[in-house]
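> Here is a sequence together with a model predicted from it:
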Amino acid sequence: MTSSLLAPAAGPDLTSAWPGTLQLLLGEAAVDLWTAALAPTGAALRGLRATSVSLRTDGSATVQYAAALEVAGRPARDTLAATTGSRIPPGAAVLAGDVDGAETRVGLWRWPHDPALPALARATSTAAVGRWLGAADAVLRVRAYRPGRRAVVEVTAPDRRWFLKVVRPAEVAGLLARHRVLAGAVPAPPVLTATDDGVLVLPALPGTPARALLADPTARPAAATLTALLDRLPGELLALPRVRGPLERAGGHAAVLALVLPHLRHRWDRVAGRLADADPGTHPLVPVHGDLYEAQLLVDRGEVTGLLDVDGAGAGHRIDDWATLLGHMAVAGAHGYRAELAAALPWGPAELAPRVTAVVLGLATGPFRVQQRGWPRATEARLALVEQLLDGA
């Protein structure tokens, strides 16, 4: 049995201070957990590696694993997921035990049988999708998967391409409403069809992801182009729930990061305190995208041809859409483009800088979340960037 879980890589001095639930899912105890869970299926666990972690401020977590199995004497690979806390979906296999003197329940499932995403198995079946879309020769590629939350599957046929967005069934109506409101106003993909069990079929849109164009001033969208795009967001979005801005989320991000790197708690707390004291200013509620950054934009010759992932569109502050984009530019090292965009905006550093800093603080959770090699160093580097932005402000 081999395992390359995060806990040994992080070192006992660090992981011993983690919440017990995190130690359970990222330590050697996870091997025992999955060995017991898989035994009734006839599969033997031969290797286990954590590939993504979603951690909440109360210490509960959802972990995705890549597993090496032996089934009927043959090697196999599988994707597994485990979650603790209040987000265990009905239908998950549940094991319970004592952690830090309290009974802890762990929900478990194997890909693609995510109990929170009942349509996932069908949406990742080549035969089922081929029959559904009338493309028997389609090729499927999973582009994203967040256990218990969502998945995106790219479907490619010789003459067409789609994306299947798999969500919790209760979220279908809200997503349909957003796409319908945006239709014709901005280049968001239309929903071709949707199912009650949680699948939305979206067409592929033309253009190149802006992420690939950041270094090319002639190809990336100018500030005026992005301003015009955001100005076209329809007023009907104001009837949807208000989007929380980065300053409102900063305290939660700092709390999670303090759980992950507790020896840096004094620095996380200092950052959170300074952001809490920042003057948010007065900004009107306007239609916003809610999570605007370069991966959400498709571009052709400087024009935006696709506005993606509109799941969070609603009522918010326009400055927060811009701060999100500028924060991603800071992490990507696109400093020239960031300065070019910031110079064209109607807000000065006193208003923009705290929000941009709060966005970067949220992105500091990324190395741990995706289990990047050397994540403690990468996370501390992002903390240093957060502090630099704050001191510069």
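Nice, thanks for sending it over.

> shaky segments in the protein?
1-12, 393 (pLDDT under 70).

> distance from the centroid: which residue in it tops it?
Most distant from the centre of the chain: Gly73, at 36.7 Å, with distances by Cα atoms, centre = their mean.

> Ramachandran angles for that residue?
phi 80, psi 0 (degrees, to the nearest 10).

> cool, Ala93 as well?
phi -70, psi 130.

> For it, which residues are in contact?
Taking Cβ atoms under 8 Å, 6 or more residues apart in numbering as the criterion, Ala93 is in contact with 37, 107-109. (Glycine included, C-beta is placed from N, CA and C.)

> Met329 too?
Applying Cβ under 8 Å, 6+ apart to Met329 gives the contacts 214, 294, 335, 337-338, 341.

> Number of residues surrounding the nearest residue to Pro284 once chain neighbours are set aside?
Closest residue to Pro284 in three dimensions, ignoring its sequence neighbours and counting by Cβ to Cβ, 6 or more residues apart in numbering: His317, at 7.6 Å. For His317, the neighbour count with other Cβ atoms under 10 Å is 22.

> Report the separation between His317 and Tyr293.
Taking Cβ to Cβ, to the nearest Å as the measure, His317 falls 16 Å from Tyr293.

> Thought Val152 was touching Leu117, still the case?
No. With contact defined as Cβ atoms under 8 Å, Leu117 does not reach Val152; the gap is 11.4 Å.

> circling back to that earlier point, turn the contacts of Ala93 into TSV, including distance to Ala222.
Converted to TSV, the contacts of Ala93 look like this (distance: Cβ to Cβ, whole Å):
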residue	distance to Ala222
Ala37	53
Gly107	47
Leu108	49
Trp109	46
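
> and those residues, which of them are in strands?
Cross-referencing the contacts of Ala93 against strands under DSSP state E gives 107-109.

> Filter those residues down to the buried ones.
Buried members of these, scored by 16 or more other Cβ atoms under 10 Å, are 107-109.

> need the longest strand for the protein.
strand 43-55.

> Who are the packing partners of the helix or strand that that one is followed by?
Next along the chain after strand 43-55, taking DSSP states H and E as the criterion, comes strand 61-71. Under the contact criterion of 3 or more Cβ pairs under 8 Å, 6 or more residues apart in numbering; DSSP states H and E, strand 61-71 touches helix 20-26, helix 29-38, strand 43-55, strand 74-84.

> Let me have these in CSV, extended by distance to Arg180 and mean neighbour count.
Listed next are these as CSV, based on distance: least, Cβ to Cβ, whole Å; neighbours: other Cβ atoms under 10 Å:
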stretch, distance to Arg180, mean neighbour count
helix 20-26, 39, 22
helix 29-38, 42, 18
strand 43-55, 30, 19
strand 74-84, 32, 18
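
> can you redo these as CSV with distance to Ala323?
Converted to CSV, the helices and strands packed on strand 61-71 look like this (distance: least, Cβ to Cβ, whole Å):
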stretch, distance to Ala323
helix 20-26, 30
helix 29-38, 37
strand 43-55, 23
strand 74-84, 31
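
> For Gly252, find the nearest of the ones you listed.
The stretch from the helices and strands packed on strand 61-71 with the least distance to Gly252 (Cβ to Cβ) is strand 43-55; that distance is 10.6 Å.

> Run me through the strand neighbours of that closest one, direction for each.
Note on strand 43-55: by DSSP bridges, its sheet partners are strand 2-3 (parallel), strand 61-71 (antiparallel).

> now the strands for the stretch 151-300 of the chain?
Here the stretch 151-300 of the chain has its strands, by DSSP state E, counting those that start in this stretch, at 161-167, 193-194, 199-203, 208-209, 286-288, 297-300.

> and those, which is most packed in?
Here the criterion is mean neighbour count by mean count of other Cβ atoms under 10 Å, and of the strands of the stretch 151-300 of the chain the winner is strand 286-288, at a mean of 24.

> Paired strands for it, with orientation please.
Counting by DSSP bridges, strand 286-288 is paired with strand 314-316 (antiparallel).

> Give the buried residues for the partner strand.
So, applying 16+ other Cβ under 10 Å, buried residues of strand 314-316: 314-316.

> Phi and psi next, for the residue nearest to the spatial centre of the chain.
Nearest to the mean C-alpha position of the chain, by Cα atoms, centre = their mean, lies Arg146 at 7.3 Å. With angles defined as degrees, to the nearest 10, Arg146 sits at phi -120, psi 110.

> From Pro234, how far out is it?
Counting by Cβ to Cβ, the separation of Arg146 from Pro234 is 28 Å.

> Outline the domain layout of the protein.
Domain assignment for the chain, taken from automatic domain parsing, gives 2-110, 120-203, 208-392.

> so how far is the first one from its chain's centroid?
What that stands for is domain 2-110. Remark: domain 2-110 is offset 20 Å from the chain centroid, using Cα atoms, centre = their mean, to the nearest Å.

> Equivalent analysis for the second one, please.
From the chain centre to the centre of domain 120-203 is a distance of 17 Å (Cα atoms, centre = their mean).

> what about that domain, how long is it end to end?
One end of domain 120-203 sits 18 Å from the other (Cα to Cα, to the nearest Å).

> just the last one next, same as before
Domain 208-392 stretches 33 Å from its first residue to its last (Cα to Cα).

> Number the chain from 30, please
Got it, the first residue is 30 from now on, which makes the last one we talked about domain 237-421.

> do you know how far the nearest residue to Ala212 once chain neighbours are set aside is from Asp226?
Counting by Cβ to Cβ, 6+ apart, the nearest residue to Ala212 once its immediate chain neighbours are dropped is Pro219, at 5.6 Å. From Pro219 over to Asp226 the distance is 20 Å, taken as Cβ to Cβ.

> who's more crowded, those two?
Counted by other Cβ under 10 Å, Pro219 and Asp226 do not tie: Asp226 has more neighbours, with 16 against 13.

> Can you list phi and psi of that one for me?
phi -90, psi 0.

> Quickly note the distance from it to Thr256.
Counting by Cβ to Cβ, the gap from Asp226 to Thr256 is 39 Å.
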